[in-house]
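Participant: any chance you can model this:
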Amino acid sequence: MARANSALERLVKVPLHPLQKRALLSFIFNVGSGAFQRSTLRSKVNREEHKEVLPEFLKWIWAGSVRPRGLLRRRSEEAALYARGTSRQK
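Facilitator: Residues are numbered from 1 along each chain as shown. Got it, this is the predicted structure:
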């Protein structure tokens with residue numbers, strides 16, 4: 001988790017609500033910092049396009065050519081957590 005936190009601090013340049021940060025940490029921990037760095041999800045976070053970030057989570061539901069239910073559930077939970085932080089952000 002320390003690596004994920006380090007990547008988040010290095011790659012995200014905008015203020016985040018703690019719930020948004022938790023969602024992104026979970027995502028980075030799961031997909032890796034390199035994938036996050038290259039992702040449209042990160043670009044939209046840095047442009048503060050928070051509502052457009054939510055569908056980006058759901059693009060990361062494949063493990064090779066298989067779509068495991070657990071991965072869909074994880075991404076849905078991360079998106080929901082991010083959304084809760086967005087709704088509380090000033």
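
Participant: tell me, how many residues neighbour the nearest residue to E48 once chain neighbours are set aside?
Facilitator: Using CB to CB, 6 or more residues apart in numbering and skipping the chain neighbours, the partner closest in space to E48 is V14 (5.4 Å). For glycine as for every other residue, the C-beta is placed from the backbone atoms N, C-alpha and C. Under the neighbour criterion other CB atoms under 10 Å, V14 is assigned a count of 10.

Participant: got it, and the one 3 residues further on?
Facilitator: Look at H17: counted by other CB under 10 Å, it has 17 neighbours.

Participant: sec struct for F36, please.
Facilitator: At F36 the chain is in helix, as set by DSSP: H, G, I helix; E, B strand; the rest coil.

Participant: touching, F57 and R75? I think so.
Facilitator: Yes: using CB atoms under 8 Å, F57 makes contact with R75 at a distance of 4.6 Å.

Participant: name the residue in the two with the higher neighbour count.
Facilitator: Neighbour tally, F57 and R75, criterion other CB under 10 Å: the higher count belongs to F57, 24 against 21.

Participant: check which helices and strands the host helix or strand of R3 sits against.
Facilitator: In this structure, R3 sits in helix 2-11 according to DSSP states H and E. When contacts are defined as 3 or more CB pairs under 8 Å, 6 or more residues apart in numbering; DSSP states H and E, helix 2-11 packs onto helix 18-31, helix 33-38.

Participant: that one relative to helix 18-31, how many degrees between them?
Facilitator: Interaxial angle of helix 2-11 relative to helix 18-31 (axes from the mean of the first three to the mean of the last three CA atoms, to 10 degrees): 120 degrees.

Participant: what pLDDT, on average, does helix 2-11 get?
Facilitator: Regarding helix 2-11, the rounded mean pLDDT is 97.
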